[in-house]
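A.B. asks: Predicted structure and sequence below. I'll ask about it afterward.
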Number of protein chains: 4
Amino acid sequence: MSQITEENLHEEKTLKELLIRMNRIEGQVRGIKGMIERHVYCDDILNQIASVQSALDGAAKLILEKHFKSCVKQRLLQGDEEVIDEVLKTMFRLKR
Amino acid sequence: MSQITEENLHEEKTLKELLIRMNRIEGQVRGIKGMIERHVYCDDILNQIASVQSALDGAAKLILEKHFKSCVKQRLLQGDEEVIDEVLKTMFRLKR
Amino acid sequence: MSQITEENLHEEKTLKELLIRMNRIEGQVRGIKGMIERHVYCDDILNQIASVQSALDGAAKLILEKHFKSCVKQRLLQGDEEVIDEVLKTMFRLKR
Amino acid sequence: MSQITEENLHEEKTLKELLIRMNRIEGQVRGIKGMIERHVYCDDILNQIASVQSALDGAAKLILEKHFKSCVKQRLLQGDEEVIDEVLKTMFRLKR
């Protein structure tokens, strides 16, 4: 029981962390819109897009880790190997 | 003169197209936040992140094309080769 | 017993497939060296490098799948969660 | 005249550097074949593949730089804008 609670707390913490990151990404995207409207130099806009991509990579990594340590693990322990094909397909859709 | 006007019109059109794309990306990011809050299955969230990455790639490609056909070309015509190092560095920061 | 044999056969087949792919990649790399020596147009060389990268991606995907369905699964079933951190770290080193 | 000679020397140096890199990559690919044959742990093979991908990225970057500073620049100076579409298409085929 106490283990489940600990896991829930950890889960809760990860979700909060993810929301903070996605809020930051949303702000960056809004910032890029402003840059486009203000005719900022293209190279600066491209570097800002590269930053958003890195931030998305980081968020994806966090979710993948959480996914592996909960759903993927549990489904594998239940003998469900299809989860491997599912997660591999998703990982190869994600950049890097 | 008429050529410049045509170029401006083209530029204007590209900027509008870019803003539409960035608005869509902003909406997708907001959608992902909602998915996280509603505890949607991780694999679905990851696929949504992959979609945002593809959309960002598309926007970056459009900006790069515009950048090449205006600033990069003009600076090269003026004998400024540093623009090549600048654009290469940026391109290698962008995924893909 | 018969299951183990079947698994071994499958493993054997995957290894053969991987060697065929790596041989092809080795040939492509040698081909690129020849292109460089013959001063072939850069854009053609770059496209050949892109082909090698795709071929390497395909090989990596095949190895990852094999890795997940054998080692990763077994270590998870034995309660060893470190394998998740290991495989995630590797996957984020691989392009895409 | 002396400038052309200098450029040729630089070109020669870049080609030599590229051949050295491609030789190293060919050796790495052969090494991976050996690892597969000796049934080395998958994670080690995957990390070796990631190294080859990085080395290919480096070679591609070198060729792109050379390409931009010679062919792309010259064709742009001659008013040929198609070279931009060609190089953009190639860059988006290359990983990263």
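C.D. replies: On my side now, so go ahead.
A.B. asks: Neighbours of the closest residue to A:V29 other than its chain neighbours, how many?
C.D. replies: Counting by C-beta to C-beta, 6 or more residues apart in numbering or on different chains, A:V29 lies nearest to B:E26, which is 4.7 Å off, once chain neighbours are set aside. C-betas here are computed from N, CA, C, even on glycine. B:E26: 19 surrounding residues under other C-beta atoms under 10 Å in any protein chain shown.
A.B. asks: quick one: B:E26 and A:E26 touch, right?
C.D. replies: Yes. At 6.4 Å, B:E26 and A:E26 qualify as touching, with contact defined as C-beta atoms under 8 Å.
A.B. asks: and the closest residue to A:V87 other than its chain neighbours, how far is that from A:G27?
C.D. replies: Of all residues not flanking A:V87 in the chain, A:V72 sits nearest, at 5.7 Å (C-beta to C-beta, 6+ apart). Distance, A:V72 to A:G27, using C-beta to C-beta, to the nearest Å: 31 Å.
A.B. asks: What's the mean pLDDT across the longest helix belonging to chain A?
C.D. replies: Longest helix of chain A, by residue count under DSSP state H: helix A:2-37. In this model, helix A:2-37 has an average pLDDT of 89.
A.B. asks: same for it, what does it pack against?
C.D. replies: Helices and strands touching helix A:2-37, as assessed by 3 or more C-beta pairs under 8 Å, 6 or more residues apart in numbering or on different chains; DSSP states H and E, comprise helix A:42-67, helix B:2-37.
A.B. asks: try 10 Å this time
C.D. replies: Helix A:2-37 is packed against helix A:42-67, helix B:2-37, helix B:42-67, with contacts defined by 3 or more C-beta pairs under 10 Å, 6 or more residues apart in numbering or on different chains; DSSP states H and E.
A.B. asks: Phi, psi for A:E81 please.
C.D. replies: Main-chain torsions, A:E81, degrees, to the nearest 10: phi -90, psi -10.
A.B. asks: give me every residue that touches the nearest residue to A:G58 once chain neighbours are set aside.
C.D. replies: Nearest non-adjacent residue to A:G58, counting by C-beta to C-beta, 6+ apart: A:R21, 6.7 Å away. Counting by C-beta atoms under 10 Å, 6 or more residues apart in numbering or on different chains, A:R21 touches A:55-56, A:58-59, A:62-63, B:33, B:36.
A.B. asks: Nearest to chain D among those?
C.D. replies: Closest approach to chain D among the contacts of A:R21 (C-beta to the nearest C-beta): A:L56, at 15.1 Å.
A.B. asks: Might one say that that closest one is in contact with A:I25?
C.D. replies: Yes. Using C-beta atoms under 10 Å, A:L56 is in contact with A:I25, at 6.4 Å.
A.B. asks: Which neighbours do these two have in common?
C.D. replies: The contact lists of A:L56 and A:I25 share B:29, B:32, B:49, B:52, where a contact means C-beta under 10 Å, 6+ apart.
A.B. asks: Take these and write them to a markdown table, including distance to C:E82.
C.D. replies: What follows is those, written out as a markdown table (distance: C-beta to C-beta, whole Å):
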| residue | distance to C:E82 |
| --- | --- |
| B:V29 | 33 |
| B:I32 | 29 |
| B:I49 | 25 |
| B:V52 | 31 |
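A.B. asks: can you tell me which of those lies nearest to chain C?
C.D. replies: Using C-beta to the nearest C-beta, the shared contacts of A:L56 and A:I25 come closest to chain C at B:I49, 13.9 Å.
A.B. asks: Please list all residues in contact with that closest one.
C.D. replies: For B:I49, the contact set (C-beta under 10 Å, 6+ apart) comprises A:22, A:25, A:56-57, A:59-60, A:63-64, A:90, A:93-95, B:28-29, B:32, B:35.
A.B. asks: Check which helices and strands whatever helix or strand A:L88 lives in sits against.
C.D. replies: In this structure, A:L88 sits in helix A:82-93 according to DSSP states H and E. Under the contact criterion of 3+ C-beta pairs under 10 Å, 6+ apart, helix A:82-93 touches helix A:42-67, helix A:73-77, helix B:42-67, helix C:42-67, helix C:82-93.
A.B. asks: do you know which of those helices lies nearest C:E12?
C.D. replies: Nearest of the helices and strands packed on helix A:82-93 to C:E12, taken as C-beta to C-beta: helix C:42-67 at 11.5 Å.
A.B. asks: ok and that closest one relative to helix C:2-37, angle-wise?
C.D. replies: Orientation check (axes from the mean of the first three to the mean of the last three C-alpha atoms, to 10 degrees): helix C:42-67 against helix C:2-37 gives 170 degrees.
A.B. asks: Could you give the average pLDDT over helix C:42-67?
C.D. replies: In this model, helix C:42-67 has an average pLDDT of 95.
A.B. asks: roughly how far out does stretch A:30-40 sit from the chain middle?
C.D. replies: Relative to the centre of its chain, stretch A:30-40 is centred 24 Å away, using C-alpha atoms, centre = their mean, to the nearest Å.
A.B. asks: any residues touching it, and which ones?
C.D. replies: Counting by C-beta under 10 Å, 6+ apart, A:41-42, A:44-46, A:48-49, A:51-52, B:11, B:14-16, B:18-19, B:21-23, B:25-26, B:29, B:56, B:59, B:63 sit against stretch A:30-40.
A.B. asks: mind redoing it with 8 Å?
C.D. replies: A:44-45, A:48-49, A:52, B:15, B:18-19, B:22-23, B:26 (C-beta atoms under 8 Å, 6 or more residues apart in numbering or on different chains).
A.B. asks: on that earlier part again, from the contacts of A:R21, keep the buried residues only.
C.D. replies: Those of those that meet the buried threshold are A:55-56, A:59, A:63, B:33, B:36, by 16 or more other C-beta atoms under 10 Å in any protein chain shown.
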